[in-house]
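Asker: Sequence below, structure please.
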Amino acid sequence: MSESDLTHQVDLAVRAHVRPGPRFPEAVWAGRDIRLQLWAEQAADVARVLGLGVGLPLGMELAGIGVRTSMATEVDGVSTLQMPEQYARRLAAMLDEAMHNRPHQSSTD
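Answerer: Numbers count the residues shown, from 1 in each chain. Below is the predicted model of the structure:
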């Protein structure tokens with residue numbers, strides 16, 4: 001998988017679950033890692049989808065489900081996660097699986 005394919009896969013997986021916002025979410029290649037930036041509210045959306053708590057920054061919570069970050073910060077309402085390629089793939093796969101396991105809403109709800 002190419003660098004642009006992987007960043008696109010992560011970006012789409014995250015966007016499927018978060019509230020839209022200006023500029024973020026955004027996944028970009030950063031050396032040997034993928035850097036994912038989200039607004040704090042979007043990071044909370046990701047945490048909820050993955051069944052994580054929302055009290056700690058997302059980077060700290062991801063370790064509990066086997067996704068290690070090489071850097072995780074939250075500054076001025078922006079959550080930045082940087083993770084090695086294999087963990088970025090794992091995160092995207094977990095989000096894709098959550099999308100397929102989401103209960104379907106009927107049109108009469």
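
Asker: hey, where'd the strands end up in the protein?
Answerer: Under the criterion DSSP state E, the chain contains strands at 26-30, 33-39, 71-75, 78-84.

Asker: Give the partner strands of the last one in its sheet and their orientations.
Answerer: The sheet places strand 78-84 alongside strand 33-39 (antiparallel), strand 71-75 (antiparallel), with pairing taken from DSSP bridges.

Asker: For the helix-or-strand element of the chain with minimal mean pLDDT, which helices and strands make contact with it?
Answerer: Here the helix or strand of the chain ranked lowest by mean pLDDT, DSSP states H and E is helix 58-62, holding a mean of 84. With contacts taken as 3 or more CB pairs under 8 Å, 6 or more residues apart in numbering; DSSP states H and E, helix 58-62 sits against helix 40-49, strand 71-75, strand 78-84. The way it works is simple: take the backbone N, C-alpha and C, and place the C-beta from them, glycine included.

Asker: do that again at 6 Å, thanks
Answerer: helix 40-49 (3 or more CB pairs under 6 Å, 6 or more residues apart in numbering; DSSP states H and E).

Asker: quick one: the helix it packs on to strand 33-39, angle?
Answerer: Using axes from the mean of the first three to the mean of the last three CA atoms, to 10 degrees, the inter-axis angle of helix 40-49 relative to strand 33-39 is 110 degrees.

Asker: Can you give the distance from helix 40-49 to the centre of its chain?
Answerer: Counting by CA atoms, centre = their mean, to the nearest Å, helix 40-49 is centred 8 Å from the centre of its parent chain.

Asker: Only the buried residues of that helix, if you could.
Answerer: Neighbour counts over helix 40-49 (16 or more other CB atoms under 10 Å) mark Ala40, Gln42, Ala43, Ala44, Asp45, Val46, Ala47, Val49 as buried.

Asker: quick one: which two of those are the most distant?
Answerer: Ala40 and Val49 (15.2 Å; CB to CB).

Asker: Before I go, just wanted to say thanks for your time.
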